[in-house]
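**Q** predicted model and sequence below, questions to follow.
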Amino acid sequence: MRIISVLVLFCASLWASAGEVKSPNGKLSLTEQGAGWAVSYNGQTVMELPAIGFESTGVSGKLRFLREVKDDYQMIAGKRLHCTNEANEYAAPVGQEGRVVVRLYNDGIAFRYEAAPGKSGKTRISGISGELTTFRIPEGTHRWMQQWCDGYEGFFPLSTTAKQKAIPSFSGQYKDVEGNNVRWGYPALIEVAPTHSEGGQSVFALISEANIEKGQSASCLYNDGELFRVVQDKKEPATEAMAGHGHTSWRVVIVGTLKDVVESTLVTDVSEPSKIDDTSWIHPGVVSWVYWAYNHGSNDYSIIKKYTDMAATLKLPYVLIDAEWDQMDQLTSNEGKTIEDAVSYALSKGVKPMIWYNSSVGWVDGAPTPKFRLNKPEDREKEFTWCEKIGVAGVKIDFFSGDTQLNMDFCQDLLECAARHHLLVNFHGATIPRGWQRTWPNLLSTEGVYGAEWYNNVPTFTDKAACHNATLPFTRNVIGPMDYTPCAFSDSQHPHITTRAHELALTVLFESGLQHLADRPESFLSQPQEVQQFLGQLPAAWDETRFIDGYPGEYVVLARRSGNTWYVAGINGTDEAKTINLQALALQTSRSKLFADDKEGNWSIISVKDLPSSIKCLPRGGFVIVGNK
């Protein structure tokens, strides 16, 4: 056995020396190309990285085989609870004291910069400054990319050029002389020509980042024409390349068909295992949510009671008491009732309450309260101790200020303290997930998305929502939980023109360990009994997720399994009627229930013995099928 093992290592080393390394299944390969790499899928180049290394020193040697990586772990929430993966790991020197380590998985690549062997005690590497990592995205290539803003609340429009006018409201300062945006947030989805895959399917690459640790800032992409460079956030306090850990975070590129991209768990695969020993208290679930209908309703005891009663009626496990709950006793109509009374009422109804906090590092002046209760360790400890004592199940923390080291450290401090006090966490106004959902599984959701609350703010979302909704399963939601706050049958300040079945489908299509339902109680409780029962039984964690069909911005169909029950959801993202083919579904279920739109846009709810081979969707329509194996 030892002889065989030595031969394997020797052959792998020769393989790497020849300039090409491969994934375990051989479909994905990486070739050294000048100062960088080329990534290929089934022998066709799908992504070029023309520069690897740092400004002071690039890669200074060949990639050599290090080891086989195999991982098997459990998640508490996400697109898949039981995750397995394998990769071939290689390394190449970067200067005298560093190296780049790259893993080739079957569904993508991940790489990071590390201190070289023997230098592992170093917190920084001498002479290193300015990461060079660069991706080439040729003009003419289909891409879905979001202009960077600190809350990652933007659209992913289909484009074939990097020349997109900077949006003044949040990224207008990041522009070239012609006014085009130059700073881009993760994830970035790129399509490759259809001939590059078996069956004529396109190959896609989704660029992101994973495993931010203490002392590190997050990164984003800055472009100069076709070249998109990874840049760490440079705001104070300054971040060192190795950030005290002897390595950077992982740069991640998921590669393959849309099925490969949507089903991938690569972001959590390369993230640190759970830091919480006992996770028995962490329970994903559906939440009744006041803000969409009542922006300032959480200071009103009677409104909180309404949402609590709705949760109890629908058998939802949670109710969120949003901003300004600390002002409850100031309203004369509340007759002296306080947040503790609201929490006690929820618990008496069998509903677990969650409460909102301002992070007080982003929007502070003029922002809602409570503020400055979590910033100092001693204050945070006192507040979370109180939450645990009175029966609060979790906290929603809002208004961070981007990708800085300050924010990254603060988020991890919050997660650690919350875990000590058995509190679930939902980050809002915050950066996107980068794998913390594995490391700190009490983080059940993160906003980082242009979601349904925008119906409150501006009229823009009304016409864009359907296309945006059909893009998110291929972009933002791939990398982690997404608190979009779906499912509105009535209107907020600005109307929605998606259908009822489209809205219901979002509760399945959008993965979030805390699934906040946006609509008001009277709307939910006026829906057919079958819809109410659906919401009361809706899972917020999935044993399995399968991509069935779709194309970003046009339509999408996913199948998710919880126990023995399959939920199949699809939406039409266009303004034209569309017939969605379900022949690829290939599920064996007993009698199922189909939620769809009739011709007038009203509910059509029927039981079906066999799953349909296709469904006709209205413009901006949708459907859900629920059936047991």
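**A** Cool, got the structure.

**Q** Three-state assignment for Glu383, please.
**A** At Glu383 the chain is in helix, as set by DSSP: H, G, I helix; E, B strand; the rest coil.

**Q** next, give phi and psi for the closest residue to it other than its chain neighbours.
**A** Excluding the flanking residues, the one nearest Glu383 by Cβ to Cβ, 6 or more residues apart in numbering is Arg373, at 4.8 Å. The C-beta positions use only the backbone N, C-alpha and C, and glycine is treated the same way. Per-residue torsions, Arg373: phi -100, psi -10 (degrees, to the nearest 10).

**Q** same question for Leu266.
**A** Leu266 adopts backbone torsions of phi -60, psi -30, taken as degrees, to the nearest 10.

**Q** and it, how far is that from Leu206?
**A** In this view, Leu266 and Leu206 are 9 Å apart by Cβ to Cβ, to the nearest Å.

**Q** who are the contact partners of the residue nearest to Glu383?
**A** Tyr357, Ser360, Asp379, Arg380, Glu383 (Cβ atoms under 8 Å, 6 or more residues apart in numbering).

**Q** what helices and strands are in contact with the helix or strand hosting the third one?
**A** Here Asp379 is covered by helix 377-390, with elements defined by DSSP states H and E. Using 3 or more Cβ pairs under 8 Å, 6 or more residues apart in numbering; DSSP states H and E as the contact criterion, the secondary-structure elements in contact with helix 377-390 are helix 339-348, helix 405-420.

**Q** the helix or strand that it is followed by packs against which elements?
**A** As assigned by DSSP H and E, the chain's next helix or strand after helix 377-390 is strand 394-398. In terms of contacts (3+ Cβ pairs under 8 Å, 6+ apart), strand 394-398 is packed against strand 352-358, helix 405-420, strand 424-427.

**Q** determine which stretch of the ones you listed is the most buried.
**A** With neighbours defined as mean count of other Cβ atoms under 10 Å, the helices and strands packed on strand 394-398 peak in mean count at strand 424-427, which reaches a mean of 26.

**Q** just the C-alpha atoms of it, please, in CSV.
**A** What follows is strand 424-427, C-alpha atoms only, in CSV (Å, rounded to 0.1, in the frame of the first residue of the first chain):
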residue,chain,number,x,y,z
LEU,A,424,-30.3,33.0,16.5
VAL,A,425,-28.9,35.8,14.3
ASN,A,426,-30.1,37.5,11.2
PHE,A,427,-27.8,40.2,9.8
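
**Q** from the chain's centroid, how far away is the longest strand along the chain?
**A** When the chain is parsed with DSSP state E, its longest strand is strand 82-94. When C-alpha coordinates are averaged (Cα atoms, centre = their mean, to the nearest Å), strand 82-94 and its chain have centres 22 Å apart.

**Q** and the next helix or strand after that strand, which strands flank it?
**A** Following strand 82-94 in sequence order, the next helix or strand is strand 98-105 (DSSP H and E). In the sheet, strand 98-105 lines up against strand 82-94 (antiparallel), strand 108-115 (antiparallel) (DSSP bridges).

**Q** any buried residues in the first one, and which?
**A** Neighbour-count burial for strand 82-94 flags Cys83, Asn85, Glu86, Ala87, Asn88, Glu89, Tyr90, Ala91, Ala92, Pro93, Val94 (criterion: 16 or more other Cβ atoms under 10 Å).

**Q** looks like the second one contacts Leu104 (just checking).
**A** No. Applying Cβ atoms under 8 Å, one finds Asn85 not in contact with Leu104, separated by 11.3 Å.
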